[in-house]
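Q: Quick one, what's the 3D model for this:
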Amino acid sequence: KLKIRAFVQTFLEVKPKFINFGSIKKGEVISRSLTVKNVTAAPVTIKEVKNEVKDLKVGDFEKDMNPDEEIIINLTLNSSALPHDLLGNIGITATQYPDKKILLPVSGRIIGDIILMPENIYFGMLKKSEKSEQKIKITNNSDKALKLLEVKSSLEFIKPGFNGDTILPKKSLELTLSTLPAAPAG
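A: Modelled structure (predicted):
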């Protein structure tokens, strides 16, 4: 039995090791910052900070770093896009280490005025003509009361229990979805 342990020293130390913006309401502007430290014994010049995340802007920063010197890189997220998940990386490369890249994962979620939980429903394995129910929570994330006019399923054998309810701001409504006995196999 052979055990191998190693500590791989990098040329830059980045804190935090990942950025999570959490849940961001559409239209919000959120800022985060990275601390980047030169952990080598020689000067390092940051060649590029490449960003894969839409609507995320990398601020200006000092590119030349002496040994043990730290710089701050500011990140600003303008969540103007439609609701979606944010996933991607920020890559940092240095002129002195062209074949090495520091990757920093970025995540978050832009949410809209209506939040559905869960986002996917699984009714389980059913026998033909067996009925199953699942609940879905609809949350009003806006500052205005919302009147639900209609809830439809693209599958004719799933019936939403719906009464045309109003959801007050920051409140939730629970909706029951049921399978009908006429549900086909498959």
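Q: Now the element after the biggest strand by length in the chain, going C-ward?
A: Criterion DSSP state E: the longest strand present in the chain is strand 97-111. As assigned by DSSP states H and E, the chain's next helix or strand after strand 97-111 is strand 114-117.
Q: Pull the residues that contact that next one.
A: Identification of contacts with strand 114-117 by Cβ atoms under 8 Å, 6 or more residues apart in numbering yields Ile136, Lys137, Ile138, Thr139, Asn140, Asn141, Leu146. Backbone N, C-alpha and C define where each C-beta goes, glycine included.
Q: Helix or strand: which one has the first one?
A: Think Ile136. strand 133-140.
Q: quick one on the thing from earlier: please identify the buried residues of the longest strand of the chain?
A: Tyr97, Ile102, Leu104, Val106, Gly108, Arg109, Ile110, Ile111 (16 or more other Cβ atoms under 10 Å).
Q: just stretch 84-98 next, same as before
A: Buried-residue list, stretch 84-98, by 16+ other Cβ under 10 Å: Leu86, Gly88, Asn89, Ile90, Ile92, Thr93, Ala94, Tyr97.
Q: out of those, who's nearest Asp68?
A: Ala94 (15.2 Å; Cβ to Cβ).
Q: per-residue confidence for the nearest residue to the closest one once chain neighbours are set aside?
A: Closest residue to Ala94 apart from its sequence neighbours, by Cβ to Cβ, 6 or more residues apart in numbering: Val44 at 4.9 Å. In the predicted model, Val44 carries a pLDDT score of 95.
Q: who's Val44 bridged to?
A: On the basis of DSSP bridges, Val44 is bridged to Met65.
Q: List the contacts of stretch 148-159.
A: 138, 160, 162, 164-167, 173, 175, 177-180, 182-184.
Q: can you pull the buried residues of it?
A: Leu148, Val151, Ile158.
Q: closest to Leu126 among those residues?
A: Ile158 (11.9 Å).
Q: Distance-wise, check the closest one relative to Leu146.
A: In this view, Ile158 and Leu146 are 23 Å apart by Cβ to Cβ, to the nearest Å.
Q: picking up where we left off before, tell me, how many residues neighbour the residue nearest to Ala94?
A: By the other Cβ atoms under 10 Å criterion, the neighbourhood of Val44 contains 22 residues.
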